[in-house]
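J.: Kindly generate the corresponding structure for this input.
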Amino acid sequence: MKTIIVKIDKDNLKDDFAVSQLEKAGEIIRNGGLVAFPTETVYGLGANALDEEAAKKVYEAKGRPSDNPLIVHISNLNMLDDIVTQVPEVAKKLMDAFWPGPMTLIFNKSGLVPKGTTGGLDTVAVRFPNHPIALELIEKSGVSIAAPSANLSGKPSPTMGEHVIDDLDGRIDMIIDGGMVGMGLESTIIDVTSKTPMILRPGFITYEMIKDVIGEVGVDKAILSKPTADFKPKAPGMKYRHYAPEADYSIYRGTAEKVADKIIMLANEKADKGFKTGVITVDQHLNLYQRKLNKDIMVVSLGNLDKPETIANMLFKTLRDFDKAGTKFIFGEAFSQHNVGWAIMNRLTKAAGYNIIDV
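T.: Residues are numbered from 1 along each chain as shown. Sure, this is the predicted structure:
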């Protein structure tokens, strides 16, 4: 398949080229094809959410397990009428507070939504994104768009157009390259079908923010521990290996000094044996590694501990950069799980295959 690849500036959507390309992308979606596009979180791989055959193409293009649900993206609240059976009051409060934005809600689905979109479930995940290209594409297509992250299943989520091209060029109809996304972490997912709303995936909208709006909120146990093989995921990212680099990646938890000493010892051992090796740290800890590591070791800071949004934004790009460098072993630090740090550690823990070592 020949993939159409176009660059569009999100700040110039009235440009004749942008209009024509978005109209073409909308037509592809309507006709059952696949289009990758940027959102404020990560890039999504879009298909007509109400077309079961189109949903199947998403799973095939990604190599995604068929029981892993897709998120349905809308561009206005009226689109919910065709997708869900009811909107609980607690959902309305969350929508008023956080939509459009990086929050996905789990509703009971309508009969129009095929189970091919929902991973066989009677519930549907819905998001109202806050990105001009995503919103314009939904409008131009005239349908709600089912869109998981636009990467091969299991690989780090794409935060730049080139990441999508690396994974899906030749596998889908069109890629809209809108530059680097603003957040770099997928949306927070909240199940509003249960008596107590339940967080199924952490994100930029934190537990504390949700609690401030609706009061009592639970946390699904699958976030806190490795799911069992028979676990049936109710939302994306709950069961399967995700975000993983090609390298053997392990995370070390403890005081900054003890973690650095352990990582330096292990990384040097691997590098001395000729393995391409990487270290993940933060700005505040870079000095702990200076002059102590083998000069061939690739040391990357994700950003500033005092600005967790910078760490979140660089997380998936860093893992992909290690892949491109041919890294065989990655040693990384654990992060505080306060606020956005919870979402960061959730992604890193899955990327490392739950391989966290206390030192």
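J.: CA atoms for contacts and neighbours, from now on please.
T.: Noted.
J.: So which bits of the lowest-mean-pLDDT helix or strand in the chain are buried?
T.: Lowest mean confidence among the helices and strands of the chain (mean pLDDT, DSSP states H and E): helix 221-224, at a mean of 78. Residues A222, I223 are the ones in helix 221-224 that count as buried (16 or more other C-alpha atoms under 10 Å).
J.: Name the residues that touch the helix or strand R347 falls within?
T.: In this structure, R347 sits in helix 340-351 according to DSSP states H and E. Helix 340-351 has contacts (C-alpha atoms under 8 Å, 6 or more residues apart in numbering) with 156, 185, 201-206, 223, 241-245, 249, 251, 308-309, 311-312, 315, 334-337, 355-356.
J.: again with stretch 94-113
T.: Residues from elsewhere that reach stretch 94-113, judged by C-alpha under 8 Å, 6+ apart: 40-41, 49-50, 71, 82-87, 91, 122-130, 186-193, 203-205, 210, 213-214, 235.
J.: what does stretch 126-136 give?
T.: By C-alpha under 8 Å, 6+ apart, the surrounding residues in contact with stretch 126-136 are 10-11, 13, 22, 37-40, 71-76, 99-107, 178.
J.: Please list only the buried members of those residues.
T.: Among these, those scoring as buried are 10, 13, 22, 37-40, 71-75, 99-107, 178 (criterion: 16+ other C-alpha under 10 Å).
J.: Among those, which lie within helices?
T.: Among these, the members found in helices (DSSP state H) are L22.
J.: Among the contacts of helix 340-351, name the buried ones.
T.: Buried, going by 16+ other C-alpha under 10 Å: 156, 185, 201-206, 223, 242-245, 249, 251, 308-309, 311-312, 315, 334-335, 356, out of the contacts of helix 340-351.
J.: ranges for the strands of the stretch 151-300 of the chain?
T.: 174-177, 188-191, 198-201, 218-219, 248-253, 277-281, 298-301 (DSSP state E, counting those that start in this stretch).
J.: how about a markdown table for these, with mean pLDDT and distance to R64 added?
T.: Output for the strands of the stretch 151-300 of the chain, formatted as a markdown table (pLDDT from 0 to 100; distance: least, C-alpha to C-alpha, whole Å):
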| stretch | mean pLDDT | distance to R64 |
| --- | --- | --- |
| strand 174-177 | 98 | 19 |
| strand 188-191 | 97 | 19 |
| strand 198-201 | 96 | 18 |
| strand 218-219 | 94 | 25 |
| strand 248-253 | 97 | 22 |
| strand 277-281 | 97 | 28 |
| strand 298-301 | 96 | 30 |
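J.: Among those, which comes closest to M265?
T.: strand 277-281 (11.5 Å; C-alpha to C-alpha).
J.: mind listing what the closest one pairs with, with the direction of each?
T.: Paired strands of strand 277-281, with direction, are strand 298-301 (parallel), strand 329-333 (parallel) (DSSP bridges).
J.: To P65, which of these lies closest?
T.: Here strand 329-333 is closest among those (C-alpha to C-alpha), at 26.7 Å.
J.: where in the chain is pLDDT low?
T.: Where the chain drops to pLDDT under 70, the residues are 227-242.
J.: Next, name the residue at the spatial heart of it.
T.: E186 (3.4 Å; C-alpha atoms, centre = their mean).
J.: which ones are touching that residue?
T.: Taking C-alpha under 8 Å, 6+ apart as the criterion, E186 is in contact with T41, V42, P102, G203.
J.: Distance to P114 added to the residues you listed, as JSON lines?
T.: Shown next, in JSON lines, are those (distance: C-alpha to C-alpha, whole Å):
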{"residue": "T41", "distance to P114": "25"}
{"residue": "V42", "distance to P114": "24"}
{"residue": "P102", "distance to P114": "24"}
{"residue": "G203", "distance to P114": "27"}
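J.: From those, which land in strands?
T.: Among those, DSSP state E puts none in strands.
J.: Pick the one among those closest to D272.
T.: V42 (36.5 Å).
J.: my read: the closest one touches G179, true?
T.: No. Contact criterion C-alpha atoms under 8 Å: V42 and G179 do not qualify, at 10.8 Å.
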